[in-house]
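K.L.:
Just the structure for this:
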Amino acid sequence: MTAAPLLPAGRPRVIGIVNITEDSFSDGGRYLAPADAIRHARWLHAEGADIIELGAAASHPDSKPVTAAEEQQRLAPVLDQLLAGGVPLSVDSFQPATQRFALSCGAAYLNDIQGFPDPAVHAALASSACQLIVMHSVQRTGPATRVITDPEMVMDSIGRFFTARLAVLQAAGISRDRLILDPGLGYFLGSSPGPSLAALAGVSDLRARFGLPVLVCPSRKSFLRALTGKDDTARAGPASLAAEIFAAWQGADYIRTHDVAARRDAMTILDAIASRSS
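P.N.:
Modelled structure (predicted):
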């Protein structure tokens, strides 16, 4: 009898997070200076990140609004240096002006927590070759808020959202093979852990239903800290790793994370065990 593999064939691609912000929940202010952001991005890439994602505005419930002009001012020097060095980049923004800016600079990915709802930017997206990370959230617009949601209904909500949004994006001329699905986790699904646990458990079903790659980002999220009782994000590493490895086992295609080295080492060990058990 042949044992089942520990992981699906192929590793998920790793996206390393660089927050160029004053108030990120995980590392606010640490990488606001361009030199610090560039140094951290290069370190994450060297540690094994396939893609570096730059975010110039936080999106947690207590985050401060940032204008598109300020986002671009923060992004510009970092984008220039990293792209010149051949680092594959994603830009995290829901503002159309910043999305157009990122496209003009040569970003390989755009990540929109609102799922690209604005028709005014669809033509620019359609004419680009950029991969689009389409995220679901219960808020639909703007940053995360604190809301109570039903864990039993979360996968239905996610499914309805993607059915409708993918139809709109494809009708605008955006090729389906450029789309990546993110169900959203943490406050983007609700203020209690249940909805996020349901979404993680449903990764393989989501992937099978839409036939598209799935990205997840449990890294340091509120639901993990609520479950462990450790509110300090610096102590959320083990919980984050457990959730990320479970997502990989479920077939997630992309893992977006703050701690690239831990992910790399964990996947190396799992691959080694899987090669022995196959």
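
K.L.:
I'd say T149 and G190 touch.
P.N.:
Yes. Using C-beta atoms under 8 Å, T149 is in contact with G190, at 3.5 Å. The way it works is simple: take the backbone N, C-alpha and C, and place the C-beta from them, glycine included.

K.L.:
between these two, what contacts are shared?
P.N.:
Taking C-beta atoms under 8 Å, 6 or more residues apart in numbering as the criterion, T149 and G190 both touch V138.

K.L.:
Those two: which is more packed in?
P.N.:
It is G190, of T149 and G190, that has more neighbours when counted by other C-beta atoms under 10 Å, with 26 against 17.

K.L.:
Make sure the more buried one is actually in contact with S196.
P.N.:
Yes. Using C-beta under 8 Å, G190 makes contact with S196 at a distance of 7.4 Å.

K.L.:
quick one: the lengthiest strand in the chain to chain centroid distance?
P.N.:
Ranked by number of residues, the top strand in the chain under DSSP state E is strand 13-19. Relative to its chain's centre, strand 13-19 lies at 8 Å (C-alpha atoms, centre = their mean, to the nearest Å).

K.L.:
neighbouring contacts of that strand?
P.N.:
Strand 13-19 is contacted from outside by 26-28, 30-31, 37, 40-41, 44-45, 47-55, 58, 78, 90, 109, 215, 217, 219, 253-258, 260, 263-264, using C-beta under 8 Å, 6+ apart.

K.L.:
try 6 Å
P.N.:
Here strand 13-19 makes contact (C-beta atoms under 6 Å, 6 or more residues apart in numbering) with 27, 31, 37, 40-41, 44, 49-55, 254-256, 258, 260, 263.

K.L.:
low-confidence ranges in this structure?
P.N.:
Across the chain, the ranges flagged by pLDDT under 70 are 1-10, 24-28, 277-278.

K.L.:
And the helices in it?
P.N.:
Using DSSP state H, the helices of the chain run over residues 34-47, 68-84, 96-105, 122-126, 154-171, 193-201, 203-210, 222-228, 237-250, 260-277.

K.L.:
What I need now is those written out in JSON lines, including distance to G142 and mean neighbour count for each item.
P.N.:
Output for those, formatted as JSON lines (distance: least, C-beta to C-beta, whole Å; neighbours: other C-beta atoms under 10 Å):
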{"stretch": "helix 34-47", "distance to G142": "24", "mean neighbour count": "18"}
{"stretch": "helix 68-84", "distance to G142": "14", "mean neighbour count": "18"}
{"stretch": "helix 96-105", "distance to G142": "14", "mean neighbour count": "20"}
{"stretch": "helix 122-126", "distance to G142": "19", "mean neighbour count": "16"}
{"stretch": "helix 154-171", "distance to G142": "15", "mean neighbour count": "16"}
{"stretch": "helix 193-201", "distance to G142": "18", "mean neighbour count": "22"}
{"stretch": "helix 203-210", "distance to G142": "23", "mean neighbour count": "17"}
{"stretch": "helix 222-228", "distance to G142": "17", "mean neighbour count": "19"}
{"stretch": "helix 237-250", "distance to G142": "25", "mean neighbour count": "20"}
{"stretch": "helix 260-277", "distance to G142": "29", "mean neighbour count": "15"}
